[in-house]
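Undergrad: coords please:
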Amino acid sequence: MSPETKFLLFAIFVAALITVVLSLLDIPFGWGYSRAAFVLVIAAGLYILLMKIADRIKHRKPSDL
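TA: Down below sits the predicted model:
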């Protein structure tokens with residue numbers, strides 16, 4: 001499995017975990033398209049953030065450490 005796929009799965013897991021925590025805290029959020037859109041936005045944002053961090057680490061020069 002490629003690192004990009006692992007980042008994507010991790011991002012989806014974290015987004016789903018956030019929605020479970022929201023429901024456990026009795027925050028009304030609905031179960032329709034709004035929850036799905038929230039999960040997708042959180043997952044996409046986290047995926048983009050993880051990919052940028054990985055790209056910066058990959059292109060770092062040894063002298064920068």
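Undergrad: So for the one helix or strand residue 37 maps to, mean pLDDT?
TA: Taking DSSP states H and E as the definition, residue 37 sits inside helix 33-58. The pLDDT scores in helix 33-58 average 82.
Undergrad: Also stretch 15-30?
TA: Stretch 15-30 comes out with an average pLDDT of 77.
Undergrad: residues of it that come out buried?
TA: Across stretch 15-30, burial judged by 16 or more other C-beta atoms under 10 Å covers 15, 19. (C-beta placed from N, C-alpha, C; glycine too.)
Undergrad: And stretch 38-57, by the same measure?
TA: Of the residues in stretch 38-57, those buried under the neighbour-count criterion (16+ other C-beta under 10 Å) are 38-39, 42-43, 46-47, 50.
Undergrad: count of neighbours near residue 5?
TA: Burial of residue 5 is recorded as 9 neighbouring residues (other C-beta atoms under 10 Å).
Undergrad: Okay, it and residue 37: tell me how far apart.
TA: As judged by C-beta to C-beta, to the nearest Å, residue 5 and residue 37 stand 23 Å apart.
Undergrad: Okay then, goodbye and thanks.
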